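A.B. asks: heads up, no residue letters with this:
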């Protein structure tokens, strides 16, 4: 398999035989395909392992081929946006697209001095695996394309003192809309979200039943996401959209529910229960239990014995 690592946007333009970028820290590419025609992302149809050391945003109508990120496969759909952060690696295999393709690339340094420099860290979709791309409705797709076109127009204008701020304003709007549409996607894909949450709880069940809590401690969000084959930010956002609580909250609630059962077993102690559930310090377990249940473990046991 061919491996490509692009350290700069200029390098990417050279590899793709595109004209040099108007700005070494930012570029936008646009390819339009005639009606009924298709185009390929790879000229020689080889599988390619691709790593960019800069941010990318793409919009394309993929009709065949696949993109792999880690263990998971891209979910092909019309009008799909993919966001990647620096140093993410994906495998592209015989991707064919129709209609048109937009591709924005920018280095973090391009954002210096603009609010996006800090805001971009909050856009979790830059850390989603590519199989969790944003799938647009026709109306959303047209709106996003209009923003791409505004950026493209400004990018190709003669650069002046206003150019960068105008491009960043459009980029800011594009990311705002992507954030809104991702939230819509979470709501629309309720069955998928429920399935992921069900698997999340099943993994916790298996971990507990295998006595892994006591042996290895409380599982991290990253470990659970890896078991599900998704990024931890996507898992957290999906669970939050589905339940209104974060993944960490759900782990804590699971532990508290198991604690209620363990505490009522004959001769159970609070410390033994805490260690069995993976807590390193019983005091922390007691504080968490009281916060979630409204009474300490001891009060809970006493209250249960009276009922």
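C.D. replies: The structure has been received and is ready for your questions. Every value quoted in this text rests on a predicted model; they were computed, and no experiment measured them.
A.B. asks: Now tell me which helix or strand of this structure has the poorest mean pLDDT.
C.D. replies: Lowest by mean pLDDT, DSSP states H and E among the helices and strands of the chain is strand 72-73, with a mean of 49.
A.B. asks: Can you spell out which helices and strands pack onto the top helix by length along the chain?
C.D. replies: Longest helix in the chain, counting residues (DSSP state H): helix 163-188. Applying 3 or more CB pairs under 8 Å, 6 or more residues apart in numbering; DSSP states H and E, one finds that helix 163-188 contacts helix 116-119, strand 134-135, helix 138-156, helix 232-243. The C-beta positions use only the backbone N, C-alpha and C, and glycine is treated the same way.
A.B. asks: and of these, who's closest to residue 29?
C.D. replies: Residue 29 lies closest to helix 138-156 among the helices and strands packed on helix 163-188, at 9.0 Å (CB to CB).
A.B. asks: And the closest one, how far out from the chain middle?
C.D. replies: 23 Å (CA atoms, centre = their mean, to the nearest Å).
A.B. asks: Helix 163-188 and that helix, what's the angle between them?
C.D. replies: 160 degrees (axes from the mean of the first three to the mean of the last three CA atoms, to 10 degrees).
A.B. asks: so where's the stretch 101-250 of the chain shaky on pLDDT?
C.D. replies: Scanning the stretch 101-250 of the chain for pLDDT under 70 picks out 129-131.
A.B. asks: Quick one: end-to-end length of stretch 13-23, please.
C.D. replies: 11 Å (CA to CA, to the nearest Å).
A.B. asks: residues making contact with it?
C.D. replies: 4, 6, 9-10, 12, 27, 29, 110, 155-156, 159, 164 (CB atoms under 8 Å, 6 or more residues apart in numbering).
A.B. asks: Would you map the strands across the stretch 1-150 of the chain?
C.D. replies: For the stretch 1-150 of the chain, the strands defined by DSSP state E, counting those that start in this stretch occupy 2-6, 26-32, 38-40, 48-52, 55-69, 72-73, 80-84, 89-106, 134-135.
A.B. asks: if you average pLDDT over each of those strands, which comes out lowest?
C.D. replies: Among the strands of the stretch 1-150 of the chain, strand 72-73 has the lowest mean pLDDT, at a mean of 49.
A.B. asks: list the contacts for the residue most central in space within the chain?
C.D. replies: Centroid-nearest residue in the chain, with CA atoms, centre = their mean: residue 128, separated by 2.0 Å. Contacts here follow CB under 8 Å, 6+ apart; on that basis residue 128 touches 83, 230-231, 233-234.
A.B. asks: contacts for the helix or strand harbouring residue 300?
C.D. replies: Per DSSP states H and E: residue 300 is located in helix 297-306. The list of residues contacting helix 297-306 from outside it, by CB under 8 Å, 6+ apart, reads 259-260, 263-264, 270, 273, 285-286, 289-290, 293, 295.
A.B. asks: Go again with 10 Å.
C.D. replies: 256, 259-260, 262-264, 268-271, 273-274, 282, 285-286, 288-290, 293-296 (CB atoms under 10 Å, 6 or more residues apart in numbering).
A.B. asks: Is it possible to get JSON lines of the helices and strands packed on helix 163-188 that adds mean neighbour count and distance to residue 191?
C.D. replies: What follows is those, written out as JSON lines (neighbours: other CB atoms under 10 Å; distance: least, CB to CB, whole Å):
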{"stretch": "helix 116-119", "mean neighbour count": "14", "distance to residue 191": "31"}
{"stretch": "strand 134-135", "mean neighbour count": "21", "distance to residue 191": "15"}
{"stretch": "helix 138-156", "mean neighbour count": "16", "distance to residue 191": "21"}
{"stretch": "helix 232-243", "mean neighbour count": "20", "distance to residue 191": "10"}
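A.B. asks: quick revisit: got JSON lines for the contacts of stretch 13-23, with distance to residue 303 too?
C.D. replies: Formatted as JSON lines, the contacts of stretch 13-23 follow (distance: CB to CB, whole Å):
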{"residue": "4", "distance to residue 303": "63"}
{"residue": "6", "distance to residue 303": "62"}
{"residue": "9", "distance to residue 303": "64"}
{"residue": "10", "distance to residue 303": "68"}
{"residue": "12", "distance to residue 303": "64"}
{"residue": "27", "distance to residue 303": "65"}
{"residue": "29", "distance to residue 303": "65"}
{"residue": "110", "distance to residue 303": "59"}
{"residue": "155", "distance to residue 303": "66"}
{"residue": "156", "distance to residue 303": "71"}
{"residue": "159", "distance to residue 303": "71"}
{"residue": "164", "distance to residue 303": "63"}
